[in-house]
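Chemist: sequence-free structure coming up:
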């Protein structure tokens, strides 16, 4: 499970963000001030930081500097609408991205996922039931034989690969496929893509071992190894 570090002084915003991120399968640690953030950075290791620029005892820029000194992780700034100067300052300091408040949940999740991919925080090789996925090269092999997947099929496989042991809801799949493909994917189309993907990667699509159905919830990737 990816561990996110949230630095946000507004308790209501922080609470809602934590609920959103946890629902998406992330672990979240929260700090409400610059001092608390620095203390938590010394004790824990994270995969990505979401940092509010305005803090009661300092600012997000100082926190970003501390992060850069202690941990090599992506930093996404949370900034007030229209604060262009802060955005420029943050990016010049080495922030990977910024999100303007108020933000749409889907946009925030897409930016987090993109930052994690760029940082290389995701596993590079996935192996399960004779299937081998080289995320770095984009090659997929089954028992040593290369499998050709469409862009959406491959994206679907990566979503499962990025959420080991977690149930991925159909709603989340629809949301992320829309973000990645830029085209409309409805519930019926998703069912078709799941079936096509299983036909290509499963030994027996009628009794899948890689992409498992969790009735009433969604899907989960079966036992796997990553390197």
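Modeler: Done, it's in. On a predicted model such as this, the values are computed, not experimentally measured, just so you know.

Chemist: then residue 148 would be within a strand, right?
Modeler: No - Residue 148: not assigned to a strand; according to DSSP: H, G, I helix; E, B strand; the rest coil it is coil.

Chemist: which residues does it contact?
Modeler: The contact partners of residue 148, taken as CB atoms under 8 Å, 6 or more residues apart in numbering, are residue 200. Every residue, glycine included, has its C-beta placed from N, CA and C.

Chemist: ok, now with 10 Å
Modeler: 140, 154, 200 (CB atoms under 10 Å, 6 or more residues apart in numbering).

Chemist: what does the domain assignment say about the chain?
Modeler: The chain breaks down into these domains under automatic domain parsing: 3-119, 125-226.

Chemist: winner for burial among the ones you listed?
Modeler: Highest mean neighbour count among the domains of the chain (mean count of other CB atoms under 10 Å): domain 3-119, with a mean of 17.

Chemist: with adjacent residues omitted, what lies nearest to residue 45?
Modeler: residue 71 (6.6 Å; CB to CB, 6 or more residues apart in numbering).

Chemist: how about the contacts made by the one you found?
Modeler: Contacts for residue 71 (CB under 10 Å, 6+ apart) come out as 5, 41, 44, 45, 46, 47, 48, 49.

Chemist: sitting in helices, which of the contacts of residue 148 do you find?
Modeler: Using DSSP state H, 154, 200 are the members of the contacts of residue 148 that sit in helices.

Chemist: my read is that residue 118 contacts residue 76, right?
Modeler: No - with contact defined as CB atoms under 10 Å, residue 118 does not reach residue 76; the gap is 11.4 Å.

Chemist: what touches both of those two?
Modeler: 96, 97.

Chemist: looking at this protein, which helix or strand is least sure?
Modeler: For the chain, counting by mean pLDDT, DSSP states H and E, strand 225-226 ranks last in confidence among helices and strands (a mean of 48).

Chemist: what's across from residue 100 in the sheet?
Modeler: Applying DSSP bridges to residue 100 yields these beta-bridge partners: residue 79.

Chemist: related to what we said a few turns ago, now, which of the contacts of residue 71 lie within helices?
Modeler: Per DSSP H, the subset of the contacts of residue 71 in helices is residue 41.

Chemist: dump the contacts of residue 71 to CSV, plus distance to residue 147 and pLDDT.
Modeler: Formatted as CSV, those follow (distance: CB to CB, whole Å; pLDDT from 0 to 100):
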residue, distance to residue 147, pLDDT
5, 37, 97
41, 42, 92
44, 39, 88
45, 35, 90
46, 34, 94
47, 29, 93
48, 31, 95
49, 36, 96
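
Chemist: so, low pLDDT: which residues of the chain?
Modeler: 81-84, 120-124, 135-136, 162, 164, 178-184, 223-227 (pLDDT under 70).

Chemist: which stretches in it count as helices?
Modeler: 11-23, 34-43, 60-70, 84-92, 105-119, 151-161, 170-181, 187-201.

Chemist: what's the closest of those helices to residue 210?
Modeler: Of all the helices of the chain, helix 187-201 sits nearest to residue 210, with 5.7 Å by CB to CB.

Chemist: from the middle of its chain, how far away would the closest one be?
Modeler: Using CA atoms, centre = their mean, to the nearest Å, the mean C-alpha position of helix 187-201 is found 22 Å from that of the whole chain.

Chemist: got the angle between it and helix 151-161?
Modeler: Put simply, helix 187-201 runs at 80 degrees to helix 151-161, going by axes from the mean of the first three to the mean of the last three CA atoms, to 10 degrees.

Chemist: what is helix 187-201 packed up against?
Modeler: Helices and strands touching helix 187-201, by 3 or more CB pairs under 10 Å, 6 or more residues apart in numbering; DSSP states H and E, are strand 131-134, strand 139-142, helix 151-161, helix 170-181, strand 211-214.
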